[in-house]
Structures are given as structure tokens and as C-alpha cells.
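Have a look at this prediction, sequence included:
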Amino acid sequence: MKRCLLFVIVLACEGPAQADTQTFENDYDGFVGAAGLLSMINFETLPDGSPSMVGVEITEDLNYDDQGVHFSAPFPYPFIAGNGPYGLDVFENDQDTWIIANLVTPAYAVGGFYPGSTTLCAYDGDQALVGCVEYIESGGGNFVGIVSDTPIHSATFSSGGNSETIESFVFSPVPEPGTICLIGAGLAMLLHGKPRRGR
């Protein structure tokens, strides 16, 4: 038993051996079941914690880094839109644009709620594609998500046009290797129990 447990802990510290990616189209419950503990940014507050206001630009200096994500767009800056609930919007008159979410800490899962249609794509630390998912349906509250063993460093939301909106962004940060090892070590101690005393 001790040898098997030690082997499990070593694997946890080294990370997953084989990549596996799941996509979710308007199945938030399934996404939560696969992703586990999630963080959410719903744009009801600005990055500084004050209430959101329509038209506030999310810039390099005013961004959600402290909440775990840095949002941007090829052009122009994304901005807060809506009348409550709020969302993050980008609009360019003459050319296609999209919303980029750069994770401060890599994530095993990313997703978002949005109106209409969008395609979510996730990328690793080398900007290699991890996976994409698309869902098209009129109205708000639609959802797309990606869960992967490959750590996700960034994601894009694109409807293939000159505007894009996301109502909220959800993600599951990858635990630090030291945290995983500590959890594994704690589990080993719990399962091992107290040492036996001699008779």
C-alpha cells in the first residue's frame, strides 16, 4: 500500500502524462463537473472593485489581473457594456475583432457565457492550439467551455465579425506544483494513519 501511494504522489507532482481535452456546448453543469473548483469574472464590478459603468475601457492599466485574467483585443480596447447585467464588449467598424483572455496563472479549464454565437479557442504557453468549441443560438446566456490536461495560458472569443461580447468568464487555475505535492503528502499521512506501537 505504501509503495502505491508514493507512486501516486510522484505522478501528482510531475503533472499529467497524456493530454486530454473536452469541449462543452451550452452544458455548464457538465463543464463544472469536469472542471472542478472555478473562479468567475462577471463584469458587475470594475477591476478596482467599484460598480461597473457602461463605456469604461478595460486597458493595460485598468484590467482584471488581480482576479486572474488580463483581457484585451486586437483593436480597440474592450469596454463594459449592458445595463446590468454587464458584459465585456469590443467593437470595430471596419474589420473583424475578438476578445483575448490571458490567464495570470495557467488554467485547466476556461469558458464563458455570451449572447448569440461565438467560438472559444484555448492555447498553451507556446501559443499552440489546445482546442476550440463553437455554439450558435439566439439570445443571451449561451455557454462554451474547454477542459484540458494541457495547461491553458490564453483563450479567445470570436464570433467572426466586427464585434464580440462575453457576459462572464470562468476558469479553473492550475494549482502550483508545490501545492499539489503538499496535498498529496497530506493525503498520504491521513491514509497511513498513526504508527503502530510494539507489543
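Nice, I can see it. Residues are numbered from 1 along each chain as shown.

Can you identify each of the helices in this protein by residue range?
With DSSP state H as the criterion, the chain has helices at 2-14, 28-35, 177-192.

and residue 157, what does it touch?
Going by CB atoms under 8 Å, 6 or more residues apart in numbering, residue 157 touches 98-99, 101, 112, 114, 118-120, 164, 166. (C-beta placed from N, C-alpha, C; glycine too.)

Show me which of those residues is closest to residue 158.
residue 98 (3.6 Å; CB to CB).

Can I get stretch 95-103 in PDB? Just the C-alpha atoms.
Coordinates of the C-alpha atoms in stretch 95-103 are reproduced here as PDB (Å, rounded to 0.1, in the frame of the first residue of the first chain):
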ATOM      1  CA  GLN A  95     -12.700  44.900 -39.500                       C
ATOM      2  CA  ASP A  96     -13.000  41.700 -37.500                       C
ATOM      3  CA  THR A  97     -12.000  41.800 -33.900                       C
ATOM      4  CA  TRP A  98     -12.200  39.500 -30.800                       C
ATOM      5  CA  ILE A  99     -11.700  39.300 -27.100                       C
ATOM      6  CA  ILE A 100      -8.400  37.800 -25.700                       C
ATOM      7  CA  ALA A 101      -8.200  36.400 -22.200                       C
ATOM      8  CA  ASN A 102      -4.600  35.900 -20.900                       C
ATOM      9  CA  LEU A 103      -4.500  33.900 -17.700                       C
END
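
So that it lines up with my notes, have the first residue be 44 from now on.
Yep, numbering from 44; the last one is stretch 138-146 now.
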